[in-house]
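Student: Here is the input, now give the coordinates:
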Amino acid sequence: MTHRIWERCGLHAFNSESTDSSVMFTERSWRKNKMHFTQRYLLRMSFVALLSALTILIAACSGDSGPAGAGSIVIAVEEVPPMIQDPRRDIRASGGIGKDLSVYETIVRAPHVAPPAPPPLDHTGYSPSDKGIAESWEISPDLTSITFKIRPDIPWHENGGKWGTVDAEDVAWTFNQAFAADSVNNGAEEIGPEMKLGFDVVDSMTVRQNIETGGFDPTWSWLMGNASFNGIVIVNKQAYDDLGESEYAATPIGTGRYKATTWTADDEVKLEAVKDHWTGSDANVSSITVVHMPEAATREAALRTGEVDIANLPAQTINGAVEAIKGRVQEIGIARPQGFQMAGNYWNQKCPGCETGVMPRPGFDDAVSSG
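Tutor: Numbering: from 1, shown residues only. Next comes the predicted model:
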């Protein structure tokens, strides 16, 4: 069985000079960790990400329905990737920014559990606020399937048409596309092949995930849910069939608290809050603009001058930026140990250009011989 232990890490500095008192993000930065170990002891580090920012945004949402938020914020990121909704082809768009900014949603919303403990397996272990697309699920006694009941009456954003509500066809198609042999989906890549035997439609609001015997992963809700790095988000099958691949890729259709009105690669993403969101709570901030700023120095300058409210900054510059804008750093999650991996050249003894033909390895040979 594949074992994965992870968190996510990131550092963000927030401008405290916002002119709108309703914006609740100023003077904040976010940090999360991700450590991903497999049986081969492969460590995959994630980059600075926006997920933690949007997790806090959602947690701060009002419990009242009605007008969706007030004010606006601007976020500077290293890259605005092309809009790709097809889960087979999506790498970091709908499952990256789209998930992190709550344009799209995942089948479950996994609660935080300190590693190495896995998240609760039963849906009754989740709080009422952990509202994913699935309202409940049942794991078979032999651990070879998970049967999900889809939450009723979750409306799709009305971009490019009226698409009704989420059903089993949408969920099964999403995962089967992501799990396809030729898929490049980053979220699916994190899931072991034994968990990817495919999804079946049981009825209009029920799907079954098939699992290889002995291959059940207790961390499935992390990997398939909101906590996954560039995870799998539920998308609309009918829109794909009706619009065709090209138009579908240019028409973001999600179920989250924000609807994307503009998504231009290497430029910007514009979002507006959804009024009367299906969860019963709307976002506090009315509109978000995500701007493409590849250079860290440019993002820092924009933050310092107040051009942006949130910026993705490297660790080397964040302290100076926070001090300059009179902000503060907010740590979320547990710390991640830093390290490096030694490749074969560290133990290679051949050296064609050396006098003896043997690579001199001072210190390394001593350490090996001394055990």
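
Student: Wasn't residue 262 part of a strand?
Tutor: Yes. Residue 262: assigned to a strand according to DSSP: H, G, I helix; E, B strand; the rest coil.

Student: Tell me how many other residues crowd it.
Tutor: 14 (other C-beta atoms under 10 Å). All C-beta spots, glycine's among them, are computed from the backbone N, C-alpha and C.

Student: From what I see, it and residue 270 are in contact.
Tutor: Yes. With contact defined as C-beta atoms under 8 Å, residue 262 reaches residue 270; the gap is 4.0 Å.

Student: Report the contact partners of residue 80.
Tutor: Taking C-beta atoms under 8 Å, 6 or more residues apart in numbering, we find residue 80 in contact with 97, 263, 264, 265, 266, 267, 268, 269, 290, 291, 292.

Student: helix or strand for it, which one?
Tutor: In this structure, residue 80 sits in neither a helix nor a strand according to DSSP states H and E.

Student: And the pLDDT at it?
Tutor: pLDDT, residue 80: 94.

Student: which one is it nearest to, not counting chain neighbours?
Tutor: residue 292 (4.0 Å; C-beta to C-beta, 6 or more residues apart in numbering).

Student: gap between that neighbour and residue 264?
Tutor: 8 Å (C-beta to C-beta, to the nearest Å).

Student: got the phi/psi numbers for residue 258?
Tutor: phi -120, psi 140 (degrees, to the nearest 10).

Student: That one contacts residue 98, correct?
Tutor: No. Using C-beta under 8 Å, residue 258 is not in contact with residue 98; the gap is 9.3 Å.

Student: So what does the residue nearest to residue 80 look like in phi/psi?
Tutor: Torsion angles, degrees, to the nearest 10, at residue 292: phi -80, psi 110.

Student: what's it in contact with, if anything?
Tutor: 77, 79, 80, 266, 267, 268.

Student: ok, of the residues you listed, which come out buried?
Tutor: 77, 80, 268 (16 or more other C-beta atoms under 10 Å).

Student: any chance of these in a markdown table, plus distance to residue 141?
Tutor: Formatted as a markdown table, the buried ones among the contacts of residue 292 follow (distance: C-beta to C-beta, whole Å):
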| residue | distance to residue 141 |
| --- | --- |
| 77 | 45 |
| 80 | 46 |
| 268 | 50 |
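
Student: Lowest-confidence entry in the contacts of residue 80?
Tutor: Among the contacts of residue 80, residue 97 has the lowest pLDDT, at 86.

Student: OK, contacts around it?
Tutor: Going by C-beta under 8 Å, 6+ apart, the list of residues near residue 97 reads 50, 77, 80, 81, 103, 269, 290.

Student: Adding secondary structure and distance to residue 166 as columns, could you present the residues you listed in CSV?
Tutor: Below are these laid out as CSV (DSSP: H, G, I helix; E, B strand; the rest coil; distance: C-beta to C-beta, whole Å):
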residue, secondary structure, distance to residue 166
50, coil, 24
77, strand, 28
80, coil, 26
81, coil, 24
103, coil, 14
269, strand, 22
290, strand, 25
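
Student: Out of those, the closest to residue 208 would be?
Tutor: Set against residue 208, the nearest of those by C-beta to C-beta is residue 103 (27.2 Å).

Student: secondary structure class for the closest residue to the closest one other than its chain neighbours?
Tutor: Nearest non-adjacent residue to residue 103, counting by C-beta to C-beta, 6+ apart: residue 254, 4.4 Å away. Taken by three-state DSSP, the conformation at residue 254 corresponds to coil.

Student: Show the contacting residues for residue 254.
Tutor: 94, 98, 103, 104, 105, 156, 157, 233, 235, 260.

Student: pLDDT value on the last one, please?
Tutor: For residue 260, the pLDDT comes out at 96.

Student: just the fourth one next, same as before
Tutor: What the model reports for residue 104 is a pLDDT of 95.

Student: what about residue 74, which helix or strand?
Tutor: Short version, using DSSP H and E: residue 74 is in strand 70-77.

Student: sorry, that was for residue 116
Tutor: Counting by DSSP H and E, residue 116 is part of no helix or strand.

Student: For it, the count of nearby residues, please.
Tutor: 10.

Student: cool, and residue 187?
Tutor: Neighbours around residue 187, by other C-beta under 10 Å: 26.

Student: doesn't residue 95 make contact with it?
Tutor: Yes. Between residue 187 and residue 95 there is a contact at 5.2 Å, judged by C-beta under 8 Å.

Student: Give me the common contacts of these two.
Tutor: With C-beta under 8 Å, 6+ apart as the test, residue 187 and residue 95 both reach 230, 231, 232.

Student: check contacts around the last one.
Tutor: Which is residue 232. 87, 95, 106, 107, 174, 175, 178, 185, 187, 188, 224.

Student: List the ones among those residues that fall in helices.
Tutor: 174, 175, 178, 187, 188, 224 (DSSP state H).

Student: Please pick the buried ones from those.
Tutor: Here, 16+ other C-beta under 10 Å leaves 174, 175, 178, 187, 188, 224 buried among the ones in helices among the contacts of residue 232.

Student: before we move on, back to that, now flag whichever of the shared contacts of residue 187 and residue 95 is closest to residue 283.
Tutor: Among the shared contacts of residue 187 and residue 95, and counting by C-beta to C-beta, the member closest to residue 283 is residue 231, at 19.9 Å.

Student: for the stretch 151-300 of the chain, which spans come out with low pLDDT?
Tutor: Within the stretch 151-300 of the chain, the stretches with pLDDT under 70 are 228-229.
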